[in-house]
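Colleague: show me the folded form of this:
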Amino acid sequence: MSGPTVLGSVLRVAATRVAAGSLRRVADEAQRQMLFLMLVGISGAVGVLSLSAAAFIVLREQLGAAEAWLLVGVFYSLVAVAVYFLSQRRR
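Modeller: This next block holds a predicted model:
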């Protein structure tokens, strides 16, 4: 009767190793995706800041500093309102 017990133990060890390997691969993939999302977020933030600075410079030359700040602020306020309503609609 020691045969089935040994075989069961060997199968259990093999199944544990396979599950651990699979779990490791899933964790690595999740880590890669999180890093990718962080890089996309950082590059998006840099792009938004760069475009905002360029728009502010152009507007400041045309209108003045106060009006340029006003227009940039209004633009981002409208974007925030649109994002809010889109997020409420998805729920």
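Colleague: give me the residue at the spatial middle of this protein.
Modeller: Residue closest to the mean C-alpha point of the chain, counted by CA atoms, centre = their mean, is Leu37 at 3.5 Å.
Colleague: residues contacting it?
Modeller: With contact set as CB atoms under 8 Å, 6 or more residues apart in numbering, Leu37 has no partners. (Each C-beta comes from the backbone N, C-alpha and C, glycine too.)
Colleague: now do the helix or strand harbouring it, average pLDDT.
Modeller: Under DSSP states H and E, the secondary-structure element containing Leu37 is helix 2-62. Averaged across helix 2-62, the pLDDT comes to 83.
Colleague: and that helix, how far from the chain's centre?
Modeller: A distance of 9 Å separates the C-alpha centroid of helix 2-62 from that of its chain, computed with CA atoms, centre = their mean, to the nearest Å.
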